[in-house]
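Q: here is a sequence together with a model predicted from it:
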Amino acid sequence: MPMSSAAAVAPPPGGDAEKGPAAGGPPQPGGGGGSGGRARRRRQARAGLLFAAPMLLLFAVFRFGPVLGAVFLSLTDYRLNGEWTFVGAENYTRLGGDELFRDSLTVTLLYVVIFVPLTVLLSLATAAMLHQVVWRRGLFRGIFFLPYVTSIVLAAVIWKWIYDAEDGLLNGLLGLASLGPVDFLGSGGLVLPSIALTSAWKGFGYSMLILLAGLQAIPRSYTEAAMIDGAGPWQRFRHITLPLLRPVLFFVLVIETISAFQVFDAMYVMTGGGPVRSSYSLVYMLYDSGFKFFDFGYASAIGLVIFVFVLGVSLVQRRFLGKED
């Protein structure tokens, strides 16, 4: 029996009609195979690098350049008139025997231990609260974020008045409760928590927005399924929200740790490093060494030590929180 015309022209299964570029057929539109595709990808990569080159150049000049300059200065005795003498590791040897450096390192580490958990918990609690708010969420978000865009000097001046032992707002409220005046900024045991509270109030808004974005990215189907299974609010937060929020929490911890190690402005305005250097941080010592005593090599060595500490703490945080499953 003769075949129909359709059957006569139809190719057999697996024939040339099913061949694409990989099977020797004609190249498909948009395909990336062959030398032509590789050449096109190279041209695209070159074009991308060309567009990114100005920013990469600025980043290298204003980021890596100062870092390399600091490394060089830390190995020299650099003087204000531009003359310098190579001294090798002498500045680091001085740091090891400097009691003031050990005291300022202790102050900085204590401040980090107080400030970072306080700021992260405040940011997380505020973000969780805003996540549940439906009415005027943008308004409340702006109100909580407002302190972040204010000057740290202005915030420090305001909080210095609030903490004042004689005329401060906080001691006025304590007086209404028949509690004696407390010298928050004049007590060695209270000065660091007081400054940490000021800095946390000033800067928690940024981390709050990041955590709020992370909370809003969690699919509601997960929490709804947990509610159906009978999980309470704390169980949902502990077993669903926190694990899914871990990458965002890691980022917030890193940036707040860096901020804590760099504390200077609030201490400079509120206490001047006192009382008895109880709020004298590493950056404060760096400032005095470089801009008060013009010992630029020593100041650069302090800056690199701060960098090493920040890097070490960040790696520890990544080990326990930021690693991928």
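A: Thanks, I have the structure now.
Q: which residues touch the residue lying closest to residue 164 once chain neighbours are set aside?
A: Sequence neighbours aside, residue 171 is the residue nearest to residue 164 in space, at 6.9 Å (criterion: CB to CB, 6 or more residues apart in numbering). C-beta: built from backbone N, CA, C; applies to glycine. Counting by CB atoms under 8 Å, 6 or more residues apart in numbering, residue 171 touches 163, 164, 165, 181, 182.
Q: return the subset of these lying in helices.
A: Of those, the ones assigned to helices by DSSP state H are residue 163.
Q: quick check, nearest of the contacts of residue 171 to residue 263?
A: residue 163 (16.6 Å; CB to CB).
Q: hang on, that closest one packs against residue 184?
A: Yes. In this structure residue 163 lies within contact range of residue 184 using CB atoms under 8 Å: 4.1 Å.
Q: what residues do those two have in common as contacts?
A: Both residue 163 and residue 184 are in contact with 170, 194, where contact means CB under 8 Å, 6+ apart.
Q: picking that back up, buried subset of the contacts of residue 171, written for PyMOL?
A: To isolate in PyMOL the members of those that are buried, counting by 16 or more other CB atoms under 10 Å, one can use:
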select buried, resi 163+164+182
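Q: for the nearest residue to residue 180 once chain neighbours are set aside, give me its contacts.
A: Nearest residue to residue 180, sequence neighbours excluded (CB to CB, 6+ apart): residue 174, at 7.5 Å. Shown in contact with residue 174 (CB under 8 Å, 6+ apart): 180, 181, 182.
Q: show me what counts as buried in the longest helix belonging to the chain.
A: For the chain, the helix reaching the highest residue count under DSSP H is reported as helix 99-132. By neighbour count on 16+ other CB under 10 Å, the buried set for helix 99-132 is 101, 104-105, 107-112, 114-116, 118-120, 122-124, 126-128, 130-131.
Q: still on that earlier bit, per-residue pLDDT, the residue nearest to residue 180?
A: Per-residue confidence (pLDDT) for residue 174: 88.
Q: what packs against whichever strand or helix holds residue 40?
A: Per DSSP states H and E: residue 40 is located in helix 34-59. Using 3 or more CB pairs under 8 Å, 6 or more residues apart in numbering; DSSP states H and E, no helix or strand is in contact with helix 34-59.
Q: tilt between the following helix or strand past that helix and helix 34-59?
A: Proceeding N to C from helix 34-59, the next assigned helix or strand is helix 65-74, under DSSP H and E. Helix 65-74 and helix 34-59 are oriented at 60 degrees to each other (axes from the mean of the first three to the mean of the last three CA atoms, to 10 degrees).
Q: in helix 65-74, what counts as buried?
A: Those would be 70, 73, 74, for helix 65-74 by 16+ other CB under 10 Å.
Q: ok, for residue 242, nearest residue in space, not its chain neighbours?
A: residue 249 (7.7 Å).
Q: contact partners for the one you found?
A: Residues near residue 249 by CB under 8 Å, 6+ apart: 120, 124, 211, 214, 242, 321.
Q: same question for residue 300.
A: Residue 300 is in contact with 70, 71, 73, 74, 78, 91, 290, counting by CB under 8 Å, 6+ apart.
Q: which one of these is nearest to residue 313?
A: Nearest to residue 313 out of those is residue 70 (CB to CB; 19.5 Å).
Q: that closest one against residue 302, yeah?
A: No. Judged on CB under 8 Å, residue 70 makes no contact with residue 302 at a distance of 10.0 Å.
Q: element containing residue 85, please.
A: Using DSSP H and E, residue 85 sits in strand 84-86.
Q: which other helices and strands contact that strand?
A: Contacts defined by 3+ CB pairs under 8 Å, 6+ apart place strand 84-86 against strand 76-78.
Q: what strands line up against the strand it packs on, and which way round?
A: Strand pairing for strand 76-78, using DSSP bridges, gives strand 84-86 (antiparallel).
Q: any idea how far the partner strand is from the chain center?
A: The chain centroid and the centroid of strand 84-86 are separated by 35 Å under CA atoms, centre = their mean, to the nearest Å.
Q: what's that strand in contact with?
A: Contacts for strand 84-86 (CB under 8 Å, 6+ apart): 75, 76, 77, 78, 297.
Q: give me every residue that touches the third one.
A: Counting by CB under 8 Å, 6+ apart, residue 77 touches 84, 85, 87, 90, 297.
Q: farthest pair in the residues you listed?
A: Greatest spacing in the contacts of residue 77, by CB to CB: 84 and 90 (12.8 Å).
Q: centroid-nearest residue for this structure?
A: Nearest to the mean C-alpha position of the chain, counting by CA atoms, centre = their mean, stands residue 255 at 1.6 Å.
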